[in-house]
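Q: A predicted structure for the sequence below; I have some questions about it.
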Amino acid sequence: MKFQAKYYDGQKPLSVLVTWELRGEAIIVSFENGHETAWPFSELEQDVSHNTAVVLLNKITQDRIELLGGEATLSPTLLKQTRVKFSAKMFITFIIGILTLMILYWQGIPVLINYIAQRVPIEHEKMIADKLMENVLKDLKTCRPSPEAENAFKKIITSLNPQRDLDIKIINSSEVNAFTFPGGKIVIFSGLLKQAKSSDELAGIIAHEISHARRRHVLQGIMTAVSTTVFIQFLTGDFSSVFAMDPSTLLSLGALTFDRRMEREADEDALERIMKLGLNPVQVALFFQRERSTPDSLAFLSTHPGDEERAALFRSKKIKYSPVPLLSASQWKSLQSYCENTDDPKKIKRVLNKNERSSFEAAKEKGSFQHPQR
Amino acid sequence: MNLDPKEESPPPFSYTFNYSGNGKELAFIMFKNIFLTIITLGVYAAWGRTNTRRYLWGHTNFLNDRANYTGTGKEIFLGILKFFGIYVLTYGATMLLGEFLHPAMIFALIPVYICLLAQIIYSGLRYRLARTTWRGVHFGMDKNPVQTREFLVLVTKYSFITLFTLGLGFPLMVHKMRLFLTSKMRFGNTHFEYTGTCSGLYKIYAKAFFLTPLTMGLYFSWFKVESIRYRLENTRFQNAHFRTSLSGVEFFGFAVGSYILTVVTFGIATPWVINMAYKLIINSVDLYGNINLEEVDNLGSQTGDSAADAGAVEYDIDIAV
């Protein structure tokens, strides 16, 4: 049976209408003038650069024919690909496949990042801490506490951080907040001291931040933000913008942003820690109830679980001991006045690292207390 | 008395272009590309781009015959890797210069960047032409180092003129680039020709300069159509020139409609939008005059720099193909 085709000689941009038919192991091409030419299968291959039509190329003469019918009669060994055909089933399969990948990414990446973050040396985190703290804490003042206030603070910190491997400071600011920076640095704003009603409340907050530091949540936050950005860029083939990930971009992307999983983990760790110290977790619950900033109906939009939910967690454990506050009433009062005097009129250039703090302590004991000049 | 009969030239003829693709088929290709690109972490993007180009080229018809894209995914993939390498080197050099010398040294690299951009335009165009055929005959642009250098110098020179004239030199630069590139483009052994003038282009840009702010940006669609029309009508092949019947109203309607459609469908309608764009533009173009295809000979396939093509895609540079 004969079918129509267009013939191109590859020399001139002219196409000629021809007919073709299968004859044994060859295709016979017949021209209008009666001339016939045989193209054995061994000389033929499908020109796969055409995905809208079946085009056969004669490898010897470089002539081509575009089939206008009869493709189904050709053997699959010759026909490498067929024309593009839309299939609703394939389309749905692709959508499901993409959604599955997205779910796998959403669930798998946090696990992978957690694994990697625990194995990154702490020194690497410390390298980016200084720059970050400078950005966040500029224009704020350090405090000049009285010896009683300093001792009260030391008592809380030593109880919560017996290993003394974290650097925890109070900075003068009316904001009721605390921040964990990379490299085990924690900053508490003095507004929190004023707002908390007891040392146990404060201990709960500090324990929460200590958990963020121990679990390397800051590093995980940065890695999650970067991985998501890089992943999307690779998916869209935008490879060069991966190199836009300079350090300041990295920091602005993910630093200090914890997701709800991390916040929940930190709350659970804090609860465990304060219970080990024999403190009253209900005090922390009272803090959240008092400070309700996120209605539970909007909690799903927040990076923190809702305050009611957090309060409920701290009320959930039945304590079998008589809690004793971490600080006495006078010690707590001293601590609340930690920032009554501030450095004047310096701005923070760089927060003291651990070594500098030691030399600062030594100088203070000797009575030659002076804040280091920056 | 015998008079030699004058040979009369045949009346001009309109050779039309036609785009025969449909959104559903293109969507299938593009969604398949997305899926495979995701699961291969971006590697398949090169093959995906090839599939899409083959579809778009393969549904562009002239005289009832399709164009054909002969590039391969492997070529594009290697081009992307090469471009990535050059990008890393350039980016690294910029950072090092700024870090170890003086941040102002980065400005010393501006001519380098301009040359790289010019190379991307020139070589990217060469690549796409080299990979386009119609009726088995290749388009092309000759590989000639002297020519390449000429183009780099041209772009650098007119870029600085544009810079120092605060943009007034831009239409002049566009005119010079078009004049150069169009004259080097060929189908088979027959070169194209650009007959536009600098003043013609200035009139179009001047109109846009004044009318676009007055119309709060609405005039931009009419400017685009005028630019396209001017470019086409001044591009000649043998004794014919291109034309377009596209109007500003059509372009504006398409721009607004496609934007709304894309937003409302969260991007899912993109293949249909691309399809409509191709249909709108290609179906409006014809080649008007007389052409004699018997005078055209195939010069065969040529090499092309797929890294430049990758750069053109990466930076969304219009290289006219």
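A: Cool, the structure landed. Numbering: from 1, shown residues only, chains lettered A, B, ... in the order given.
Q: tell me the contacts of residue B:205?
A: Applying C-beta atoms under 8 Å, 6 or more residues apart in numbering or on different chains to residue B:205 gives the contacts B:170-171. C-beta coordinates here come from the backbone N, C-alpha and C atoms, glycine included.
Q: and what of the one 3 residues further on?
A: Listed by C-beta under 8 Å, 6+ apart, the contact partners of residue B:208 are B:219-220, B:223, B:226.
Q: Apply 7 Å and report the result again.
A: B:219, B:223 (C-beta atoms under 7 Å, 6 or more residues apart in numbering or on different chains).
Q: And for residue B:267?
A: Applying C-beta under 7 Å, 6+ apart, no residues contact residue B:267.
Q: Distance of it relative to residue B:274?
A: 12 Å (C-beta to C-beta, to the nearest Å).
Q: Residue B:62 now?
A: From residue B:62 to residue B:274 the distance is 20 Å (C-beta to C-beta).
Q: Next: residue A:310.
A: Counting by C-beta to C-beta - residue A:310 and residue B:274 are separated by 49 Å.
Q: Who has more neighbours out of the two?
A: residue A:310 (27 against 18; other C-beta atoms under 10 Å in any protein chain shown).
Q: give me every residue that touches the nearest residue to that one once chain neighbours are set aside.
A: Nearest residue to residue A:310, sequence neighbours excluded (C-beta to C-beta, 6 or more residues apart in numbering or on different chains): residue A:288, at 4.7 Å. Taking C-beta under 7 Å, 6+ apart, we find residue A:288 in contact with A:307, A:310-311.
Q: Just send those back as JSON lines, with distance to residue A:100 and secondary structure too.
A: Formatted as JSON lines, those follow (distance: C-beta to C-beta, whole Å; DSSP: H, G, I helix; E, B strand; the rest coil):
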{"residue": "A:307", "distance to residue A:100": "35", "secondary structure": "helix"}
{"residue": "A:310", "distance to residue A:100": "33", "secondary structure": "helix"}
{"residue": "A:311", "distance to residue A:100": "37", "secondary structure": "helix"}
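Q: that's a helix at residue A:6, yeah?
A: No: using DSSP: H, G, I helix; E, B strand; the rest coil, the secondary structure at residue A:6 is strand, not a helix.
Q: Identify the residues contacting stretch A:259-271?
A: A:110, A:204, A:207-208, A:211-212, A:215, A:217, A:220, A:281, A:303-305, A:310, A:313-314, A:317.
Q: So how do I select the buried members of those residues in ChimeraX?
A: To isolate the buried members of these in ChimeraX, using 16 or more other C-beta atoms under 10 Å in any protein chain shown:
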select /A:110,204,207,208,211,212,215,217,220,281,304,305,310,313,314
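Q: What's the separation between the closest residue to residue A:65 other than its chain neighbours and residue A:24?
A: Counting by C-beta to C-beta, 6+ apart, the nearest residue to residue A:65 once its immediate chain neighbours are dropped is residue A:5, at 4.4 Å. Counting by C-beta to C-beta, the separation of residue A:5 from residue A:24 is 18 Å.
Q: try residue A:202
A: Distance from residue A:202 to residue A:24, by C-beta to C-beta: 93 Å.
Q: who's more crowded, these two?
A: residue A:202 (27 against 9).
Q: Could you verify that that one is part of a helix?
A: Yes: assigned with three-state DSSP, residue A:202 falls within a helix.
Q: Wait, it touches residue A:195, no?
A: No: Residue A:202 is not in contact with residue A:195 according to C-beta atoms under 7 Å; the separation is 9.4 Å.
Q: Check the burial of residue A:72 by counting its neighbours.
A: Neighbour count for residue A:72, taken as other C-beta under 10 Å: 8.
Q: Distance check, it against residue A:44.
A: Note on residue A:72: its distance to residue A:44, by C-beta to C-beta, is 17 Å.
Q: Check whether residue A:13 sits in a helix, strand or coil.
A: Residue A:13 ends up coil, using three-state DSSP.
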